[in-house]
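Student: I need the structure of the sequence given here:
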Amino acid sequence: MRFFSGCLLFMLMGSFLPLAAQDLETVIREEPAAAGDGDDWEIEAGLLAAAIQDFPGAESLQGMVLPYFYLEYKDRWFAHPTSGVGYYFKNDGNEFISTSLTYLPGRQEDEAGFLNGLGDLDGGVAARAAAQFDMTYFVLGGFVTHQLTGDETGTEATLYAATRIKPSENLRIFPTLRVAWADDERQQAFFGVTPEQAAASAFSEYTPDGGVRSYGVPLQALYDLNDRLRLASQASWDVLQGDAADSPIVQSEDQYFFSLGLIRKFD
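Tutor: Below you'll find the predicted structure:
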């Protein structure tokens, strides 16, 4: 299966999505289309119902329904809600190298009364580089993003390993392990408290260092209803680490994401 890919409309909704939005992608692919089959486009569309944290470090979840769209052209150009709009330098089954422009969500003060006094953190366009390699029994990959517009929120990176379990012809399950890292600037943006924010809020000043932000265990399942329709579901659990976990803004170190969607493939 290709990366779950979304259109620009879905990207523009990124301001409403938390950092857990990266869970909307799958890292293991189906067998690629045969070379020379004449199909330039690969398109899928559907809806996803998701439950996600109110903000990074929040204890409560919020529910939302999101449009879904997959788009790829000639195995090179792609669009995706979290990996963005970009180009594959290599795109060969479970191995790829890509670069793209995507949208990194920010944080709005009115998302929760708990954030009063911290002000808004604007999201923005970000540069993204990604690579994945087939290790026979599992895939190993990672991606790095750096925000270019909006508030300065620095750089983050994720490294993951995933495999596929196939209990039946129609059902595939993808267990994954991942670790996320953030630089000083990004840690400060989402988990730090400046002197100005401390004066306007109930939080004490806090300056976190860069480093490992979290470890996570996503589990995704795909079930084919027929040749065109499939159900896609995911549950993930990430645990904040280090200076991120120690932030006074963090209500819970445990961060969750749940989604269920119905996807249709088009010729």
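Student: CA atoms for contacts and neighbours, from now on please.
Tutor: Fine.
Student: Name the surrounding residues that touch the biggest helix by length in the chain.
Tutor: In the chain, taking DSSP state H as the definition, the longest helix is helix 184-191. Helix 184-191 has contacts (C-alpha atoms under 8 Å, 6 or more residues apart in numbering) with 56, 107, 121, 152-156, 207-211, 244, 247-250.
Student: So for that helix, mean pLDDT?
Tutor: Averaged over helix 184-191, pLDDT sits at 96.
Student: starting at the chain centroid, how far to that helix?
Tutor: Relative to its chain's centre, helix 184-191 lies at 18 Å (C-alpha atoms, centre = their mean, to the nearest Å).
Student: That one: what's the following helix or strand?
Tutor: helix 195-200 (DSSP states H and E).
Student: Show me what stretch 250-264 is in contact with.
Tutor: Contacts for stretch 250-264 (C-alpha under 8 Å, 6+ apart): 20, 23, 44-53, 56-59, 68, 191, 228-241, 244-245.
Student: any idea of the pLDDT on the residue at the greatest distance from the centre of the chain?
Tutor: Using C-alpha atoms, centre = their mean, the residue of the chain lying farthest from its centre is A199. It sits 33.0 Å away. Looking at A199, its pLDDT is 96.
Student: and if you look at G14?
Tutor: pLDDT at G14 comes out at 37.
Student: and what of the one 4 residues further on?
Tutor: Predicted confidence (pLDDT) for P18: 36.
Student: cool, the one 10 residues further on as well?
Tutor: I28 is assigned a predicted lDDT (pLDDT) of 50.
Student: Check Q108 too.
Tutor: 89.
Student: now do the one 5 residues further on
Tutor: Predicted confidence (pLDDT) for G113: 87.
Student: Ramachandran coordinates for it?
Tutor: phi -60, psi -20 (degrees, to the nearest 10).
Student: Relative to S252, how far out is it?
Tutor: Counting by C-alpha to C-alpha, to the nearest Å, the gap from G113 to S252 is 16 Å.
Student: When those two are compared, which one has more neighbours?
Tutor: The residue with more neighbours, out of G113 and S252, is S252; 14 against 8, by other C-alpha atoms under 10 Å.
Student: Please name the nearest non-neighbouring residue to that one.
Tutor: E59 (5.1 Å; C-alpha to C-alpha, 6 or more residues apart in numbering).
Student: swap in L262?
Tutor: Nearest one to L262, counting by C-alpha to C-alpha, 6+ apart, is L231 at 4.8 Å.
Student: so who does that neighbour touch?
Tutor: L222, Y223, D224, L225, L260, G261, L262, I263.
Student: do the same with P208
Tutor: P208 makes contacts with D184, Q187, Q188, F191, G192, D243, A244, S247, as judged by C-alpha under 8 Å, 6+ apart.
Student: Which of the contacts of helix 184-191 are buried? Put it as a ChimeraX command.
Tutor: In ChimeraX, this line selects whichever of the contacts of helix 184-191 come out buried by 16 or more other C-alpha atoms under 10 Å:
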select :56,107,121,152,153,154,155,156,207,208,209,210,211,244,247,248,249,250
